[in-house]
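Visitor: next one to model:
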Amino acid sequence: MLTNRIHILCIRKMQPIWIMFGVSCPFNSLYLGTACSLLLMTLCIYQITVRVIEQRRFYKRKQILFLIILLADTFFFIFTMDRNLAFAYFLYFYFDQSFLIFLVYFFTKKATDLNVYNKSNTKLVRGCTYGLFAFFSILLLIDIIVYYLRQGYGNCSCIQKISQALDITLFVIRVVELFASIIFIIGAYFLNKKMNALITEQIIFTNRMTGVEKTQFIKIRNIKLKFWTLVCVTAIGQVIQWSADLSYFIYSQSKQTLNQTQQQCYFPAYNIVLTPQVDLLICLFGYFLPLFCAVYLFWFKKKQVQYVRNHQKWKVYQNDTIINYQTNQIVHSLLQNKIEKKKQYKLQTIILQYYLINKYLQLINYIYVHDERRYDFHQLYQITMSWDAYVTNLTANGVLEYAAIIGLDGNIWASNLGVAALPSYQADVPDEKNPDVTTKVAYDEKAAFVHALTHNGESGNKAGVRINNQKYYSVQFDGESKTWYLKKNKGGACVAWANTVAVFASFSQTINAENGAPQNASDCNKRVIDMAKYLADAGY
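Guide: Below you'll find the model as predicted:
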């Protein structure tokens, strides 16, 4: 009967007391639990690696992960009901660890997308994630080896000494779980601290938020709220699990009346046999509640509500809405007129664009045929198009300090910067340990600008981001919306780009516009984004 029991915590002997981690159960359950646990952990690592490489998310992978979570929970309930406690707790323990490790990296990646962590922090957390996964895998293999040695060699004294040396305590594994929790809480703390600084900086930087900035502010606030909700629930679950472990361990140590051969610690399976209600609460609040919170907060997609007419209540609905019928008709007619006007305006815009393109091509053809000189396309482009008008439009009414139209290759098409090309020079960079000491660093603004647009706002140079020998600090970089917000002393700048061209503009709070108000970020961001959108629609 002893071989059929589950020895989760310890098997006592006279001297010394040694503790074996694992389960003494039929190998089929152990093998199945091992396969499912490794499958889940492999999927988590695959998910992490793909997110790092591709920098994108696919709903298909989320669906697969969600289905595996449901499948693991289903197996847990089934095997617990069938009293196959070995497989149930084996699956529960390794699934809990792998999911916790996955969440650590998931939120680190979220913070990286929002430019909260730098690359060194990301590499550190990534290394801890892979290290924990490797450590759990090694412990799992050693556990299987110990199981085989005990099953195959019986009471051989030599093998018993070897297997006793390979024994791993459950509390050692719990210590690793504690380290994972510490990493999780530390990551949450620094993420919260950096996000608060980022939100405060955005509020100070933008006197009046535009639509894009307000959307980003709400996004950061929601992620922070969800993150800390999951942190609190997970921390409570960890405290409950550790309290249950400690209380039962003290209880089992105090039992001295049993015979020496019967002094086995059946934790937590023995607790189920005696008091299943207590263990059900431990599993519910210690494991399932954090898991369900994570699934609901981050992977649950709300179903689109479709209203179906109920014929029994339709007459009541008609009586209730008959008063508002005329009002709805008026609103509908106004909306219809507005839509028709938009369609007409769009059609007129398209016709005007085709007319201008036709005239532009005719002009190019005339220059190419009648002029003895032979121009390439870029020269014809410079002759027939004047980008100075775009710069004049950006800086109209004195709301902007500087503006420039810059190609994605770093060449200036038009600007009021006073230079024909982004300069190269020696920049002074303060020493990290002693800020009073500076060193000269070669800086190429053209190369740094191109590098920053393709590397999340990082210039690739120790001197940071500099445009026209002016130092800027990156506040927010969004590759999806193609916007980049910068800050400088008593001012800032905005960069937005299309397919082939980027729009840059800066403002200074010490300069007043024609209306007497100081230059501000709201006007700067709006003009730059609108200009970039216009150029993108025009094919640039």
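
Visitor: V495 belongs to a helix?
Guide: No - V495 is assigned strand when assessed by DSSP: H, G, I helix; E, B strand; the rest coil, not a helix.

Visitor: for it, which residues make a bridge with it?
Guide: W484, F504 (DSSP bridges).

Visitor: ramachandran coordinates for S506?
Guide: phi -130, psi 160 (degrees, to the nearest 10).

Visitor: for it, the count of nearby residues, please.
Guide: Using other C-beta atoms under 10 Å, S506 is surrounded by 24 other residues. (Glycine included, C-beta is placed from N, CA and C.)

Visitor: I'd say it and K490 touch.
Guide: No - using C-beta atoms under 8 Å, S506 is not in contact with K490, being 11.3 Å away.

Visitor: for stretch 514-522, how far is the first residue from the last?
Guide: 16 Å (C-alpha to C-alpha, to the nearest Å).

Visitor: what average pLDDT does it get?
Guide: Confidence for stretch 514-522, expressed as mean pLDDT, is 85.

Visitor: when you give positions from now on, start the count at 171
Guide: In the new numbering, first residue 171, that becomes stretch 684-692.

Visitor: buried ones in it?
Guide: Of the residues in stretch 684-692, those buried by neighbour count under the rule 16 or more other C-beta atoms under 10 Å are 689-692.

Visitor: and for stretch 697-705?
Guide: Applying 16+ other C-beta under 10 Å to stretch 697-705 flags 697-699, 701-702, 705 as buried.

Visitor: what's the answer for stretch 608-628, then?
Guide: 613-616, 618-623, 626-628.

Visitor: what's the average pLDDT for it?
Guide: Stretch 608-628 comes out at a mean pLDDT of 87.

Visitor: so where is the stretch 371-520 of the chain shaky, pLDDT-wise?
Guide: 371-509, 512-513, 515-518, 520 (pLDDT under 70).

Visitor: quick revisit: can you put the buried residues of stretch 697-705 in TSV and add distance to Y560 and pLDDT?
Guide: As requested, the buried residues of stretch 697-705 are arranged in TSV below (distance: C-beta to C-beta, whole Å; pLDDT from 0 to 100):
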residue	distance to Y560	pLDDT
R697	11	90
V698	11	92
I699	14	90
M701	7	87
A702	11	89
L705	8	85
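
Visitor: tell me the SS of Y560?
Guide: helix.

Visitor: my guess is it contacts I576, does it?
Guide: No - assessed by C-beta under 8 Å, Y560 is found out of contact with I576, at 11.5 Å.

Visitor: overlap in contacts, those two.
Guide: Common contacts of Y560 and I576 (C-beta atoms under 8 Å, 6 or more residues apart in numbering): V673.

Visitor: and Y560, what does it touch?
Guide: By C-beta under 8 Å, 6+ apart, the neighbours of Y560 are 575, 584, 673, 701.

Visitor: just give me the neighbour total for the second one.
Guide: Here the count is done by other C-beta under 10 Å, and A584 has 19 residues near it.

Visitor: which residues does it bridge with?
Guide: I575.

Visitor: sorry, back to before: can I get the buried residues of stretch 684-692 in JSON lines including secondary structure?
Guide: Putting the buried residues of stretch 684-692 into JSON lines (three-state DSSP) gives the following:
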{"residue": "Q689", "secondary structure": "coil"}
{"residue": "N690", "secondary structure": "coil"}
{"residue": "A691", "secondary structure": "helix"}
{"residue": "S692", "secondary structure": "helix"}
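
Visitor: which of these lies closest to A590?
Guide: Q689 (25.1 Å; C-beta to C-beta).

Visitor: quick one: secondary structure of the closest residue to that closest one other than its chain neighbours?
Guide: In this structure, Q689 finds its nearest non-sequential neighbour in F677, 3.9 Å apart by C-beta to C-beta, 6 or more residues apart in numbering. With three-state DSSP as the basis, the three-state label of F677 is strand.

Visitor: report how many residues lie close to F677.
Guide: Neighbours of F677 using other C-beta under 10 Å come to 27.

Visitor: now do A566
Guide: The burial count for A566: 13, using other C-beta under 10 Å.

Visitor: that older thread, determine which two of the contacts of Y560 are furthest apart.
Guide: Top of the distance list for the contacts of Y560 (C-beta to C-beta): A584 and M701, 11.7 Å.

Visitor: closest to A591 out of the buried residues of stretch 608-628?
Guide: Checking those against A591 by C-beta to C-beta gives K616 as the nearest, at 6.9 Å.

Visitor: so who does the closest one touch?
Guide: 580-581, 591-592, 594.

Visitor: again with E615
Guide: 580, 592-594, 636-639.

Visitor: quick one, what contacts the closest residue to S585 other than its chain neighbours?
Guide: Nearest residue to S585 in three dimensions, chain neighbours excluded: A574, at 3.4 Å (C-beta to C-beta, 6+ apart). A574 is in contact with 561, 582, 584-587, 673-675, counting by C-beta under 8 Å, 6+ apart.
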